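Participant: Here's my sequence, what's the structure:
(chains A and B)
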Protein chains: 2
Amino acid sequence: MSVSNIEWTEAEKQVAQTAFKTAQAREAQAIIEEVRKTATAIVDLEEVWRLHDFLSARRHEMDGKYDYRYSNLIFVFAQLVSDGWLSLDDLEGLSQEKRTKISVLSQM
Amino acid sequence: MSVSNIEWTEAEKQVAQTAFKTAQAREAQAIIEEVRKTATAIVDLEEVWRLHDFLSARRHEMDGKYDYRYSNLIFVFAQLVSDGWLSLDDLEGLSQEKRTKISVLSQM
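Facilitator: Next up, the predicted model:
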């Protein structure tokens, strides 16, 4: 399945940018809520370092995952759908071909 | 000023262990309070990563600082006094010589 050389129309680029930002905002919000909830319950330093480990992992993951290059975007969206940060409905406006590829990859 | 080969009596070791744990607990509590306060006010991911940076620095610092070896303890206590986690009163029960060394080093 070739996904790197796929063409993106201007309209699709708009949809892609919006979906990308939506996923990023949703995931950011989930992290913020997790940090708040965890921090409120912290009673010892071990728990502080567990929060630190959690943030190290999330940061590393977020840095790698949100890579907005059109050659890579089908994979990025497939990952975001797989992780539950996007639904295929959020990608309405992309060609059927792209959405099918994203859907198939998201289930791998 | 020689501090590495200094002798510690059993009574001094007790005082030292208590003071060491006291400082550690105070610093841990300060970090916990800072995390709680910061986390409550977080509204975006940039602030989450700033909290992560803060925790990385504190963890690195705590790991290095709380080194309970008698050959090193005068320096550790001097640092803890300098940072405000211990007062010289917390070290009552150590010989006057040790307390003077700690006091002098804490002001360097």
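Participant: Find the closest residue to chain B in chain A.
Facilitator: Closest residue of chain A to chain B, Cβ to the nearest Cβ: residue A:39 (3.3 Å). For glycine as for every other residue, the C-beta is placed from the backbone atoms N, C-alpha and C.
Participant: Skip the chain neighbours and tell me the closest residue to that residue.
Facilitator: residue B:39 (3.3 Å; Cβ to Cβ, 6 or more residues apart in numbering or on different chains).
Participant: where does chain A dip in pLDDT?
Facilitator: A:1-4 (pLDDT under 70).
Participant: Pick out the residue nearest the middle of it.
Facilitator: Geometric centre of chain A, nearest residue: residue A:80, 3.9 Å, by Cα atoms, centre = their mean.
Participant: what's near enough to touch residue A:74?
Facilitator: A:3, A:6, A:98, A:101, A:102, A:105 (Cβ atoms under 8 Å, 6 or more residues apart in numbering or on different chains).
Participant: measure it to residue A:16 for me?
Facilitator: 10 Å (Cβ to Cβ, to the nearest Å).
Participant: hey, what's in contact with both of those two?
Facilitator: Counting by Cβ under 8 Å, 6+ apart, nothing touches both residue A:74 and residue A:16.
Participant: Which residues of chain A lie near chain B?
Facilitator: Contact residues, chain A versus chain B (Cβ under 8 Å from any Cβ of the partner chain): A:28, A:31-32, A:35-36, A:38-40, A:42-45, A:48-49, A:51-52, A:55-56, A:59, A:62.
Participant: Residue A:86 reaches residue A:22, doesn't it?
Facilitator: Yes - counting by Cβ atoms under 8 Å, residue A:86 touches residue A:22, with 7.0 Å between them.
Participant: what's the closest non-adjacent residue to residue A:78?
Facilitator: Nearest one to residue A:78, counting by Cβ to Cβ, 6+ apart, is residue A:105 at 3.4 Å.
Participant: For the one you found, pull up the helix or strand it's in.
Facilitator: Element membership of residue A:105 [criterion: DSSP states H and E] is helix A:96-106.
Participant: one step back: I'd like to know how many residues surround the residue nearest to residue A:78.
Facilitator: The tally of other residues near residue A:105 (other Cβ atoms under 10 Å in any protein chain shown) stands at 17.
Participant: again, but for residue A:90
Facilitator: That count, for residue A:90 with other Cβ under 10 Å as the rule, works out to 19.
Participant: No further questions, thank you.
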